[in-house]
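Engineer: I'll drop the sequence and a predicted model, then ask my questions.
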Amino acid sequence: MLSYEQLLKAVPLESVDLPGWGEKQNGKVRDIYQRGDTRILITTDRISAFDRILGAIPFKGQVLNQLSAWWFEQTRDIVSNHVIAVPDPNVTVAREAHSLPVEVIVRGYITGVTSTSLWTLYEAGERKPYGIALPDGLKKNDRLPKPIITPTTKATGGAHDERLTRDEIITQGLVEESMWEEVEAAALAIFARGQEIAHKAGLILVDTKYEFGLIDGKLAIIDEIHTPDSSRYWTLDSYAPEREPENFDKEFLRLWFVQQGYRGDGTPPKMPADFTAQVVTRYISAYERLTGQLFIPGDQPFAERIARNLVTYNRG
């Protein structure tokens, strides 16, 4: 656990030129501190998927925080990101970015069960979903000839409610053409890096979601990346024709809730201890396999103290 002095040394507050902190806004997985027009994000140990079971899975938030921070380092040569420092397993201190109004979904395989998933659309007869031509004869979970981008509007209320094509993004003025070309190139390069690392870890990076934003007018990747909550992973040794691959991501958790008849409304069923242990094991195993590092849990209450210390320190 970092001491107060170590924290202040670890987080280069002067790099964001903050004279002090004022109002605090709570988000789903981050808090925003603000003074005047300057804002900074502090991401803490929370669950970014399945909000209604917040805190029910030990260490899940820490895995997401640490793994995403690790991926940012692995892709820094491709595109910049918003991380300033990760002073504790629970916490990422990040610059606020001006988010682009489009979320980028990169898919390497044709799969999924939702109404906007690639496989659902393809099975219904669409051969040009999202404006991208796909060949005939694909089967569910097949690898695509090459990874493709299927953009969508930024999620509101947990739902991605609009399918977009590249032309629509540009003609509707959501993102300028030159910037969208930057986004596409960065997304595909990050995904390729992710697939390479995952393969070495005995996993398949199937598809993923990226959020991009602008920091000082330049493109940056933000939010979390390549975690079991933001990406779909299969185990490499379970992937074979005519067989359902083993999920190594939040789909494993989602399917359990579906089996219990829970669809997201009302009080969720309580997870039995043995199943909770399986979920925790998968998340921690994903971290360790991908990073090659031992997962070391941090002191959970420390995240709250960070916020108090920063406010106290900057008010002088």
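Structural biologist: Great, that's in hand.
Engineer: got a pLDDT number for M1?
Structural biologist: M1 is assigned 37 on the pLDDT scale.
Engineer: likewise P147?
Structural biologist: For P147, pLDDT reads 97.
Engineer: just to confirm, which helix or strand has it in it?
Structural biologist: strand 143-149 (DSSP states H and E).
Engineer: Okay, now the sheet partners of that strand, with direction.
Structural biologist: Using DSSP bridges, strand 143-149 pairs in its sheet with strand 98-109 (antiparallel).
Engineer: gap between the strand it pairs with and the chain center?
Structural biologist: Counting by C-alpha atoms, centre = their mean, to the nearest Å, strand 98-109 is centred 11 Å from the centre of its parent chain.
Engineer: pull the CA atoms of it into CSV?
Structural biologist: This file holds the C-alpha atoms of strand 98-109, laid out as CSV (Å, rounded to 0.1, in the frame of the first residue of the first chain):
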residue,chain,number,x,y,z
HIS,A,98,-13.3,15.0,-25.4
SER,A,99,-14.9,11.8,-26.3
LEU,A,100,-15.8,11.1,-30.0
PRO,A,101,-19.5,10.3,-30.4
VAL,A,102,-18.8,7.0,-32.0
GLU,A,103,-17.6,3.7,-30.3
VAL,A,104,-15.4,1.4,-32.4
ILE,A,105,-16.1,-2.3,-32.4
VAL,A,106,-13.4,-4.4,-34.0
ARG,A,107,-14.3,-7.9,-34.9
GLY,A,108,-12.0,-10.7,-35.9
TYR,A,109,-14.6,-13.5,-35.9
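Engineer: picking up where we left off before, contacts for the strand holding P147 next, please.
Structural biologist: 104-110, 130, 132, 134-135, 138, 166, 184, 187-188, 191-192, 195 (C-beta atoms under 8 Å, 6 or more residues apart in numbering). Placement of C-beta: from N, CA and C, glycine included.
Engineer: what's the neighbour count on A192?
Structural biologist: Residues lying near A192 (other C-beta atoms under 10 Å) number 16.
Engineer: If I look at it, what pLDDT would I see?
Structural biologist: 98.
Engineer: Can you tell me, leaving aside adjacent residues, what's nearest to it?
Structural biologist: Among residues not flanking A192 along the chain, P147 sits closest, at 7.3 Å (C-beta to C-beta, 6 or more residues apart in numbering).
Engineer: quick one: the one you found and P241, what's the gap?
Structural biologist: Here the criterion is C-beta to C-beta, to the nearest Å. By it, P147 lies 20 Å from P241.
Engineer: And A85, by the same measure?
Structural biologist: 46 Å.
Engineer: who's more crowded, those two?
Structural biologist: A85 (16 against 7).
Engineer: What separation do you get for the more buried one and F295?
Structural biologist: 20 Å.
Engineer: what's the answer for R289, then?
Structural biologist: 10 Å.
Engineer: likewise V79?
Structural biologist: The value you get for V79 to F295, if C-beta to C-beta is used, is 26 Å.
Engineer: For those two, indicate the residue with more neighbours.
Structural biologist: Counted by other C-beta under 10 Å, V79 and F295 do not tie: V79 has more neighbours, with 20 against 17.
Engineer: Not counting its neighbours along the chain, what's nearest that one?
Structural biologist: A186 (4.2 Å).
Engineer: Please report phi then psi for that neighbour.
Structural biologist: Main-chain dihedrals, A186, degrees, to the nearest 10: phi -70, psi -40.
Engineer: What's the per-residue pLDDT of it here?
Structural biologist: Confidence for A186, expressed as pLDDT, is 98.
Engineer: residue ranges of the strands in the stretch 1-150 of the chain, please?
Structural biologist: 24-26, 30-35, 38-43, 80-81, 83-88, 91-95, 98-109, 143-149 (DSSP state E, counting those that start in this stretch).
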